Every structure is written in C-alpha cells, then in structure tokens.
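[1] Got a sequence here, can you model it:
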Amino acid sequence: MAVTDTEHALLHDDAAVADHFRSVDSAPADYAVDRPPSGTNGFLITFAGLSILAMCLRTLLVHSGYTDMPRDLVILSEGRGKVVFPLRLFLVMFFLTYAIHAYSNIWRRVFIGISLLGKYAVFCIAIDTAAWLLHDAGIISISVFGAQMISGLIALAIFPHTLLRQAQLPPQGPLPSSPGIPVKAFLALSGCLVLAIAGAAIALHLLSGLVDTLKHWAILGGIGAGVFLMQQLLAASTALLGIRALKKSRSHDFAPPAAVLVPAHNEAHDIGDTIAAVDEAAGTYPGRIHLYVVDNASTDNTHHVAEQIIGECINITGTVLDCPTPGKAIALNMGIDHIEEEFVVRIDADTVIGAGCLETAMRHFADPNVGCVGGIPMPREQKTWIDKCRLIEVYMRHGFFQVSLDGYQGVMGIPGMFAIYRRAPVVEVGGMVQGMNGEDTDICMRLAAAGYHNVADPKAVYYSETPASYAHLLEQRTRWFRSIYHLAARNRALLLDRQTMIGTFVLPFNLVNAARRAMLAPLLIFAAIAGFAFPSTFTTLQWQPIVATMLGMSMIMTVIVCLIWQPSSVKYVPAYLCFRLLRSYFTLRSTLSLIYPPIHPHLPSGLMGRAQNWFRRSMDTSSTR
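    Coordinates of the predicted model:
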C-alpha cells in the first residue's frame, strides 16, 4: 500500500519524537564515549565477584586460626572498638573494579588502579597510625569506626581527584578575576556551619537516648550520626537565609526589554506550546519581548512550525534563525550574536514558562551584581513513575537545596531549561562553551568568577519535559552526571580558590557528592553479600548504618519538603527513594563513560603490537554489546 506524503511526514515526526533527545551533545566525542549498559552491568558483576572472592579469603583466614584479625583493612586497632562494617574493603574493591573497567588500554587501567589504591593506602596507614599514637598517649581515643569514617570521607575526595587528573577532559577555559568572596556570604555560611555543628553536638549530648533509638531504627547513621545531623541542620539554616534573601530581592520593580532565545533541534512536536507560553507571559510583562528561535540542524519541520506560531502571536515579535551546525551551545552563541537587548531569556524548546515567570525572575536583576536568574522546573505531567520521581526530585533540588545555596550566594548553576542572563557579561566571559556537557552551569560559574552571583527563585515556575522512556532517562542523567567532571576540569582554577563560594565550597562538595552517589549501588550490593552470604565472618556487621545511608534523615527531610510544597506528593516518596538507587547506577555509568588517554610504555614492537590489538578487540566488543 502506498504511503502518502502526509503519512510520511507524520512517520518522520514520530521517529524524531522517539529519538529527539539524542544529539551531538549527548556524549561529546572528545571527552566521552557512549558505552552500552553492559559496561555498567559488567562493572557491577565484576565488583560482586571480587567482593565474594575477598570475603572468601577472609573467611579462610578465620578458619585458619586468625580469629582476632580485624574484619576490615585496619591496623593497630586494639582497644579502640570493633569493626561495624568492612568499609575499607568495600572501597578497595570499588577502586579496583573501576580501574578494570575504565575506558582505556591496559597500561592506563593499571596506572589508575595504582593511583587510587596507592593514595588510599597511604591515607589509611597515616590515619590508623595517628589514631593509635593518640590513643596510646592518652590524648584522645579515635574509635575504629571513627577512623573508618575519616578514611571513607577521604576516599570520596580521592576518586574525583584521580578522575580529574587522568581522564581526557576539557582544558582550563578563560576565567575572569573575581574581587573575592563577599564578606556577607562568607559570614552567612560560616555562621550556619558553626550553628549546625553546635546543634548536632548538643543534640548528641543531651538527647543521647533518643539518638541511640534513632540509630537503632536506621534514622541516624551512615557516615556518622553527628555528621548526618549536622548536614541537615546546615541545609535548613541556610535555606531560611535563602528564603529571606529571595523575598528581599524579589520585592523590586524591574521589567526591561528582553530577548527570548529558544534553541531547537527536531522540536516541531512541541515548540508551538513553548512559543505560545512566551506570548501569554508577555501579555502581563511590562517590557518589550522579542523571540529568537534558532533552528539547530533540525531534520523535521521545526522552522516552519516556529514561523507559523510566531505569526499568530499577539504580544511578542519573533525571528527564526537557521544554525546548520549541530550543537546547542553553537545555536545559543549564534542567537546571542544576533540579540541586541541587554537581557537574554534562554528557554528550551520543550519548556513552557508559567504565568508571571518572567516578571518574578526579572526583578532580581534590579541588583546589578546578579548575573543569572532561574526558577523551578516542574514536570509538565504526573502520569508515569518518571514524572512522579522527578516531582519529588524537583522539590528537593530546586525547592530546597537551591534555596539553601541562595542563602550564601552559592548557586553554582541554573538549568538551561529556563535561565535569564545579562548579555554583556556573558559575551565578556566567552559565551557558551562548546563540545562538552554542562554549558548552562559553566556560564554561571564563569559569571561568578567575574564577580556576579546567580539566583534560583522557586517562585518563578516553569514546566519542562520529563523523559518519556527509560532510554531517554538514561541518556539525560548520564549526560547530567558526567558534566560535573567536565565543569570541574574546565574551571579547575576555581577549585578551592577562596575567591568564590562556588570554588571554595560548592564545587568540591558536588564532586564528593558525585563520588558518594556513584558508590551507593555497589555499597548496597557489598553489604548484601557480607550480611547474607558471610554472616559468620562479619559477626559485628550492622544493617542500620547501611539503611540510614539510603533512608534515614534524608527521607525525613524529603517528607518535610514535600509537605511544605505539595502534601499530596508524599505518596511518591517511596518511589523516589528507589529512584535514588537508579540515579546511583546512572552516576556510575557517567564515570565509566569518561575517556582516559592510553599509556604506551616502551616495549618490544611485537609485544606492543599484540597489546594494542588486544585492546582494540576488547574495546570493539565492549562498544557493540
């Protein structure tokens, strides 16, 4: 049966919709490889196998008479308590498995393994020796558990440090000089940190019975009850400061002319809604709005649909530009070059801004030190499990943690789904970076380095597309979670620079948190193997700290935030907690997608050739599985 031109166009558009989330930005060729899921699954299988082997060896030692040997890789532990969980053994297995599965040749993998394990061994020996000397001298007694936690926190820093030093990542970009951290922001964070530490210490001292009960029920624990409690107190106190700062900044009247910039690649199916929402919002915005749609190498009829909808608008004028070179950053820079207005409102082509979103966000620019403003990206629907988990994630990330960062000018990035920039500073710091993930956060980091600060206002509501399939979710989150390494590499001069809140605190915290998230799923696998398969070997193993890492205080804070924002959303919290495990899987996958330049030692030519052929075959097999 013949297919009509109309049917052919519909089939073509359906195909574009089904795979429109994939682009040249999904896995930038220079800094990432699009490894199949079998790469991550292979990591978990290898990790489980190595863990079982290590535990079998430990069990063999127990039955060979070494019953007094610590159940973890600790030394000089006598008199300082028992091992609750073999944390160091877990980290050794994780580092070893990562080295085995890193995307490079065998020599680079060996070097990664030596680097990870060598640095970790040095720190563990130093910590245990210092703890033993302090205990023996009667100065202070650091328990074995405490020494394990310290070494665990150090491991969370060793992992990103090694990745940043060895992976093939973007070079340092142009970075303007900042006048330094504003005293007010520094005092805000420092004051809240002191209060959080004091509050946690007082609670542990005065409410020791309650704390023990909470530990028993896996509410407090994980990396330590005090640290767990301090984290939540710090976030809550800075969030209160953020609410106060946002309310004050939002009180100004400011509505200058603005340009709305919409990059679009194969978005014919929903760009009409985006443009119509801008036109509706412009109806209540006092300033003039001109819309620029940049058709970025679309293969559907995005250009035609955009022109048609713009022609029907009554509150805005608009222009459709053609950008034949694929790449969102390329399209954005082209649009910025055409724009003459002082403020650029960047909106993704699958995003619909809410009523009053422009007015609310633009008011913050009355402060000349504000460089970028964003809002809260609500899911457009609440039908699928992805929609529901995304809703809770938005409340936690943008309705709580971003507000917390507002409290001390620590907002590191504004999602490109909806972001307003001062055009002149964006041009001055080099525009949107091309060929890497996270260009929206990168521009915010460079604006911060130039002395501006970013504002995330949850009162500015917009609605963005949620992944319609698992494949889309996998691509999106791998790209998002990989970006932290691209961003840290390109802005490495900011890291611990003591010139911005982002470089001093927020970026290091995000790197450590990314490492923690990548280790979460393997940690649960390791705990399950130790607890169910080797209970007689790890007799002091406790399940509460492990469960508290996944649930505990973070679950309570999630419930509280949901009750504040939308009480009915609490019923989605269990699904969200499971979703956090999936995020761990995606984060791990993002680290495995990093490319490591191969090492070629000086070997005889024949041996080198055989080694290179083996590596090519192994990589070809991995890429096609």
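
[2] Mean confidence (pLDDT) on the longest strand seen in the chain, please.
    Ranked by residue count, the top strand of the chain under DSSP state E comes out as strand 453-464. For strand 453-464, mean pLDDT rounds to 96.

[3] repeat for stretch 377-385
    On average, the pLDDT along stretch 377-385 is 93.

[4] How about residues contacting it?
    351-352, 354, 387-388, 390-391, 394, 398, 415, 417-418, 461-466, 468, 575 (C-beta atoms under 8 Å, 6 or more residues apart in numbering). Where C-beta positions appear, they are placed from N, C-alpha and C, glycine not excepted.

[5] do the same with stretch 531-541
    Looking at what lies outside stretch 531-541 - C-beta under 8 Å, 6+ apart - the contacts are 52, 55, 58-59, 62, 71, 82-86, 527, 530, 543.

[6] do stretch 421-428 as well
    176, 259, 336, 339, 341-344, 346, 365, 370-372, 432, 443, 447, 450, 452.

[7] Pull out the buried positions in that stretch.
    Of the residues in stretch 421-428, Tyr421, Arg422, Arg423, Pro425, Val426 count as buried by neighbour count, 16 or more other C-beta atoms under 10 Å.

[8] hmm, back to that, drop anything exposed from the contacts of stretch 421-428.
    Among the contacts of stretch 421-428, those classed as buried by neighbour count (16+ other C-beta under 10 Å) are 259, 336, 339, 341, 343-344, 346, 365, 370-372, 432, 443, 447, 450, 452.

[9] Most widely separated two among the residues you listed?
    Of all pairs drawn from the buried ones among the contacts of stretch 421-428, the greatest distance, 20.8 Å, lies between Ala259 and Ala450 (C-beta to C-beta).

[10] List the residues that contact the nearest residue to Gly272 once chain neighbours are set aside.
    Excluding the flanking residues, the one nearest Gly272 by C-beta to C-beta, 6 or more residues apart in numbering is Ile309, at 4.7 Å. Contacts were defined as C-beta under 8 Å, 6+ apart; by that measure Ile309 touches Ile271, Gly272, Ile275, Ala276.

[11] May I ask which of those residues has the most neighbours?
    With neighbours taken as other C-beta atoms under 10 Å, the top of those is Ile275, carrying 26 neighbours.

[12] wait, that one sits on Val293?
    Yes. Assessed by C-beta atoms under 8 Å, Ile275 is found in contact with Val293 at 7.3 Å.

[13] joint contacts of these two?
    Here Ile275 and Val293 have Val262, Ala306, Ile310, Gly318 as joint contacts, going by C-beta under 8 Å, 6+ apart.

[14] Show the pLDDT at the residue nearest to Gly272.
    Reported pLDDT for Ile309: 95.

[15] for the stretch 151-300 of the chain, what spans make up the helices?
    In the stretch 151-300 of the chain, the segments counted as helices under DSSP state H, counting those that start in this stretch are 183-206, 208-216, 225-250, 271-282.

[16] now those helices as JSON lines including mean pLDDT?
    Shown next, in JSON lines, are those (pLDDT from 0 to 100):
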{"stretch": "helix 183-206", "mean pLDDT": "88"}
{"stretch": "helix 208-216", "mean pLDDT": "64"}
{"stretch": "helix 225-250", "mean pLDDT": "88"}
{"stretch": "helix 271-282", "mean pLDDT": "95"}
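
[17] Nearest to Leu91, out of the ones you listed?
    Once the helices of the stretch 151-300 of the chain are compared by C-beta to C-beta, helix 225-250 is nearest, at 17.2 Å.

[18] Same question for the closest one: list its buried residues.
    Buried positions in helix 225-250, judged by neighbour count with 16+ other C-beta under 10 Å: 225-226, 228-239, 241-242, 245-246, 249-250.

[19] elements contacting it?
    Applying 3 or more C-beta pairs under 8 Å, 6 or more residues apart in numbering; DSSP states H and E, we find helix 225-250 packed against helix 183-206, helix 208-216, helix 402-406, strand 453-464, helix 552-565.

[20] would you turn those into JSON lines with distance to Thr162 and mean neighbour count?
    As requested, those are exported to JSON lines (distance: least, C-beta to C-beta, whole Å; neighbours: other C-beta atoms under 10 Å):
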{"stretch": "helix 183-206", "distance to Thr162": "28", "mean neighbour count": "15"}
{"stretch": "helix 208-216", "distance to Thr162": "33", "mean neighbour count": "14"}
{"stretch": "helix 402-406", "distance to Thr162": "27", "mean neighbour count": "24"}
{"stretch": "strand 453-464", "distance to Thr162": "29", "mean neighbour count": "23"}
{"stretch": "helix 552-565", "distance to Thr162": "27", "mean neighbour count": "18"}
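
[21] Throw the ones you listed into CSV and include distance to Pro286, thanks.
    Formatted as CSV, the helices and strands packed on helix 225-250 follow (distance: least, C-beta to C-beta, whole Å):
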stretch, distance to Pro286
helix 183-206, 31
helix 208-216, 52
helix 402-406, 25
strand 453-464, 16
helix 552-565, 29
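
[22] Would you tell me which of those gets closest to Phe90?
    helix 552-565 (18.6 Å).

[23] Taking the shared contacts of Ile275 and Val293, tell me the two that lie furthest apart.
    Taking C-beta to C-beta as the measure, the shared contacts of Ile275 and Val293 span a maximum distance of 10.4 Å, between Val262 and Ile310.

[24] Which neighbours do those two have in common?
    Contacts common to Val262 and Ile310, judged by C-beta under 8 Å, 6+ apart, are Ile275, Leu291, Val293.

[25] Is the spatially closest residue to the first one that is not a sequence neighbour part of a helix or strand, or is it coil?
    Closest residue to Ile275 apart from its sequence neighbours, by C-beta to C-beta, 6+ apart: Ile309 at 4.5 Å. Here Ile309 takes the helix state, with states given by DSSP: H, G, I helix; E, B strand; the rest coil.

[26] what's the answer for Ala355, then?
    coil.

[27] got it, and the one 4 residues further on?
    Assigned with three-state DSSP, Glu359 falls in the helix class.

[28] I figured it hits Ala255, correct?
    Yes. With contacts counted by C-beta under 8 Å, Glu359 reaches Ala255, the gap being 6.5 Å.

[29] Mutual contacts of those two, please.
    In contact with both Glu359 and Ala255: Tyr285, Pro286, using C-beta under 8 Å, 6+ apart.

[30] that older thread, which helices and strands sit right next to the longest strand of the chain?
    Checked by 3+ C-beta pairs under 8 Å, 6+ apart, strand 453-464 has helix 225-250, strand 351-353, helix 357-362, strand 370-379, helix 402-406, strand 418-422, helix 439-449 packed alongside it.

[31] closest to Gln476 out of the ones you listed?
    Checking the helices and strands packed on strand 453-464 against Gln476 by C-beta to C-beta gives strand 370-379 as the closest, at 12.5 Å.

[32] Taking helix 225-250 as reference, get the angle to the closest one.
    Strand 370-379 and helix 225-250 are oriented at 110 degrees to each other (axes from the mean of the first three to the mean of the last three C-alpha atoms, to 10 degrees).
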